[in-house]
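**Q** Coordinates only, no sequence provided:
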């Protein structure tokens, strides 16, 4: 059973028991209504307490049921709440730990609520592109007051129970318990104290008004609209809360339901729900079971104190894991440590980090100039120059000094992890951990699984990623892994667009309007154009038939490597990130175009976006087919967390599904006819062609 029924003297206690957060799935709703009916029929029972087992009262809807028929099967949550309201005996919610979404809506339907301190209370539906759907928008403003309720509903953020209890005039909590431990006892006492009170109080009967009325809601709309321009749900939250203040309760409930269902079918809501599920699915590896034993990681060694090594170190220090950084020269170590200090001090200054926390983190950091000092570390991450000879020297040393069972990780962004593993006598312990720059900020971690990487190494690294607050996605070994392999095609299309008539600013603006954080040319300037140049030089030798625009090489020959040199595709002023178009660069592109005998044409924003985004999609389809990524949603996570793909579009694969794969393939056939593009590349990947022909989707 997912809800336990017990009678304590004259009080029936219904305990939700559906771990981990007592989600209100179909079985739990059924058990609740059965329990209510049983208590109602028992003449010796005077009142009913509903609470939750384990670490939650209830976290709301059961995510395992999302989108399935059982999610709406009767008794749905609205019916359960109606049954509670109509109970002939008082129903008391005893709330603790977590009370969110449908869990809070359930509590609001009860006659009384007693809460333990430290409970996180929220209506987080807006984060999935929805409004609360079981009366939350109508009851919370009545119980808590219009403004605090609207703030909670629009933000979706949790608030602690003791803070809510202090709000003037609140009727959300009738009583606060002393502690989590005493909640059960205090709830029984409280239930006995109200057992004979009639009529039974209902939140739905409380008044609901705002003194400024329409003016307040107009102000709220202006504020919310400015902050949520690509998401329809936050503004809809304002509408439904306003309805609570202007309509009769039942009419407000109908409006909430209608808003909930309409939002459910918007592309933005589908994208947010897709991300929610994709994030959970990313940590699951098909052939590595959840109970795979993990290796203990209590200390980490980092090779290299540069930007990357320092950023990686901060992730572990933040999680309370001891770090030892190795460098070849003392000056390099001093520089690296100074940068880490500066980063932390900036956080202290902004009030984001307490002084004692900063000192505690720095106390976990030590440094060395000798490989022999790393022998006790449980794991080592190499963050040295991206060149296979340099990596070989490092891994031979690590193989010599590291203890048996230590994990040897490389932060390579393109090199062959199998080759790196072959430099050691323990390839099973070698794994790729590709952090994104700046490593202490970016959420993405690509975990590269070598041919011989042991399953317990993978399980350990995935769990560790969670500990250091990263979204980890597993990739097989290939040039560029998932993210950089796809971005190369995106960059190639950017180059062809310049040859055919665009300026860098036009391409960037079109893609940024679509929702990318930055376009390909601003991104190149940020990363350093010399990095792409080095990769192209390698390509000219390895893949001489691969076609590139020569404009990026011409730019690099001028020494315009991007922000670090103050000049790239754009000009930069010291201390500012603003990209200022440069007339000489535009002239260089025009001269090159003329030298090739190309007559420029006017290119629409739509064509720019389609060529850039569909190039990602086609390359990703090849990646899926080759088994480099195990599922399409993993590729979406890489692009959302590491490459600034717009959240409300759910990632490149989800976006392609929304557009329709048939339409994507049709566009690719059009691009293949362009003599200045790469016709061979635009042949749809077999997987994409197959899914489109069968009317299916990636996800």
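**A** That came in fine, so what should we check first? Since this is a predicted model, take the numbers as computed values, not measurements.
**Q** which secondary structure elements does the helix or strand of the chain with the lowest mean pLDDT contact?
**A** Sorting the helices and strands of the chain by mean pLDDT, DSSP states H and E puts helix 529-542 at the bottom, at a mean of 88. Counting contacts by 3 or more C-beta pairs under 8 Å, 6 or more residues apart in numbering; DSSP states H and E, helix 529-542 is packed against helix 551-557. C-betas here are computed from N, CA, C, even on glycine.
**Q** how far is the very next helix or strand once past the helix it packs on from where the chain is centred?
**A** For helix 551-557, the following helix or strand on the C-terminal side (DSSP states H and E) is strand 570-571. Averaged C-alpha coordinates place strand 570-571 at 32 Å from its chain's average position (C-alpha atoms, centre = their mean, to the nearest Å).
**Q** by contact count, what packs against strand 570-571?
**A** helix 520-527, strand 580-581.
**Q** Buried deepest among those, which one?
**A** helix 520-527 (a mean of 24; mean count of other C-beta atoms under 10 Å).
**Q** what does that one contact?
**A** Identification of contacts with helix 520-527 by C-beta atoms under 8 Å, 6 or more residues apart in numbering yields 437, 490-491, 494, 504-505, 507-508, 511, 518, 532, 552, 562-563, 568-570, 572, 579, 612, 644.
**Q** do that again at 6 Å, thanks
**A** 491, 494, 504, 508, 562-563, 568-569, 579 (C-beta atoms under 6 Å, 6 or more residues apart in numbering).
**Q** First-to-last residue distance for stretch 111-125?
**A** 24 Å (C-alpha to C-alpha, to the nearest Å).
**Q** for it, what is the average pLDDT?
**A** The average pLDDT within stretch 111-125 is 98.
**Q** returning to that earlier point: among the helices and strands packed on strand 570-571, which comes closest to residue 112?
**A** Closest to residue 112 of the helices and strands packed on strand 570-571, according to C-beta to C-beta: helix 520-527, at 55.9 Å.
**Q** In the least confident helix or strand of the chain, which residues are buried?
**A** By 16 or more other C-beta atoms under 10 Å, the buried positions in helix 529-542 come out as 529-533, 535-536.
**Q** can I get the helices and strands packed on strand 570-571 in JSON lines with distance to residue 344 and mean pLDDT?
**A** Formatted as JSON lines, the helices and strands packed on strand 570-571 follow (distance: least, C-beta to C-beta, whole Å; pLDDT from 0 to 100):
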{"stretch": "helix 520-527", "distance to residue 344": "23", "mean pLDDT": "92"}
{"stretch": "strand 580-581", "distance to residue 344": "32", "mean pLDDT": "94"}
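**Q** who wins for proximity to residue 648 among these?
**A** helix 520-527 (19.8 Å).
**Q** now the least confident helix or strand of the chain and helix 520-527, what's the angle there?
**A** Orientation of helix 529-542 against helix 520-527 (axes from the mean of the first three to the mean of the last three C-alpha atoms, to 10 degrees) gives an angle of 100 degrees.
**Q** Now find how far off-centre helix 529-542 is within its chain.
**A** For helix 529-542, the distance to the chain centre is 32 Å (C-alpha atoms, centre = their mean).
**Q** which residues touch that helix?
**A** 546, 556, 561-562, 568.
**Q** and the residues you listed, which are buried?
**A** By 16+ other C-beta under 10 Å, the contacts of helix 529-542 give 556, 561-562, 568 as buried.
**Q** okay, the helices and strands packed on strand 570-571 in a markdown table with distance to residue 421 next?
**A** Formatted as a markdown table, those follow (distance: least, C-beta to C-beta, whole Å):
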| stretch | distance to residue 421 |
| --- | --- |
| helix 520-527 | 27 |
| strand 580-581 | 45 |
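**Q** Show the contacting residues for the closest residue to residue 275 other than its chain neighbours.
**A** Distance criterion C-beta to C-beta, 6 or more residues apart in numbering; nearest residue to residue 275, sequence neighbours excluded, is residue 650 at 5.9 Å. By C-beta under 6 Å, 6+ apart, residue 650 lies in contact with 271, 274-275.
**Q** Most neighbours among those, which one?
**A** Tallying neighbours with other C-beta atoms under 10 Å puts residue 271 at the head of the contacts of residue 650, with 26 neighbours.
**Q** Next, work out how far apart that residue and residue 350 are.
**A** Residue 271 sits 32 Å away from residue 350, taking C-beta to C-beta, to the nearest Å as the criterion.
**Q** export the contacts of helix 529-542 to JSON lines and tack on distance to residue 443?
**A** Below are the contacts of helix 529-542 laid out as JSON lines (distance: C-beta to C-beta, whole Å):
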{"residue": "546", "distance to residue 443": "31"}
{"residue": "556", "distance to residue 443": "30"}
{"residue": "561", "distance to residue 443": "27"}
{"residue": "562", "distance to residue 443": "23"}
{"residue": "568", "distance to residue 443": "26"}
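**Q** List just the nearest of these to residue 105.
**A** Using C-beta to C-beta, these come closest to residue 105 at residue 562, 50.8 Å.
**Q** Which residues does stretch 608-617 contact?
**A** 486, 489-490, 493, 507, 510-511, 514, 652, 656, 664, 667.
**Q** Select from those the one having the most neighbours.
**A** Within those, most neighbours by other C-beta under 10 Å means residue 656, with 29 neighbours.
**Q** Now for it: which residues touch it?
**A** Residue 656 is in contact with 617, 664, counting by C-beta under 6 Å, 6+ apart.
**Q** Can you tell me the SS state at it?
**A** helix (DSSP: H, G, I helix; E, B strand; the rest coil).
**Q** In which helix or strand does residue 360 reside?
**A** Per DSSP H and E: residue 360 is located in helix 355-363.
**Q** Can you get me the centre-to-centre distance for that helix and its chain?
**A** For helix 355-363, the distance to the chain centre is 28 Å (C-alpha atoms, centre = their mean).
**Q** cool, and stretch 371-380?
**A** Counting by C-alpha atoms, centre = their mean, stretch 371-380 comes out at 32 Å from the chain centroid.
**Q** Please apply the same query to stretch 315-335.
**A** 28 Å.
**Q** What is the end-to-end distance of that stretch?
**A** 18 Å.
**Q** per-residue confidence at residue 617?
**A** For residue 617, pLDDT reads 98.
**Q** isn't there a strand covering it?
**A** No - according to three-state DSSP, residue 617 belongs to no strand; its state is helix.
**Q** what about it, neighbour count?
**A** 26.
**Q** Wait, residue 194 touches residue 91, no?
**A** No - at 10.3 Å, residue 194 does not count as touching residue 91 under the criterion of C-beta atoms under 6 Å.
**Q** what about these two, which has more around it?
**A** Between residue 194 and residue 91, counting by other C-beta under 10 Å, residue 91 is the more crowded of the two (25 against 17).
**Q** who are the neighbours in contact with the more buried one?
**A** 48, 84, 110-111.
**Q** Next one: it from residue 200, what distance?
**A** 8 Å.
**Q** likewise residue 116?
**A** 23 Å.
**Q** These two: which is more packed in?
**A** Using other C-beta under 10 Å as the criterion, residue 116 and residue 200 rank with residue 116 on top: 25 against 17.
**Q** got a list of what the more buried one touches?
**A** 96, 177, 180, 183.
**Q** nearest spatial neighbour of it, skipping sequence neighbours?
**A** residue 96 (4.0 Å).
**Q** neighbours of the one you found, just the number please.
**A** 25.
**Q** Give me the phi and psi for it.
**A** phi -150, psi 160 (degrees, to the nearest 10).
**Q** What segments of the stretch 351-500 of the chain are strands?
**A** 365-368, 379-382, 407-410, 430-435, 444-448, 471-475 (DSSP state E, counting those that start in this stretch).
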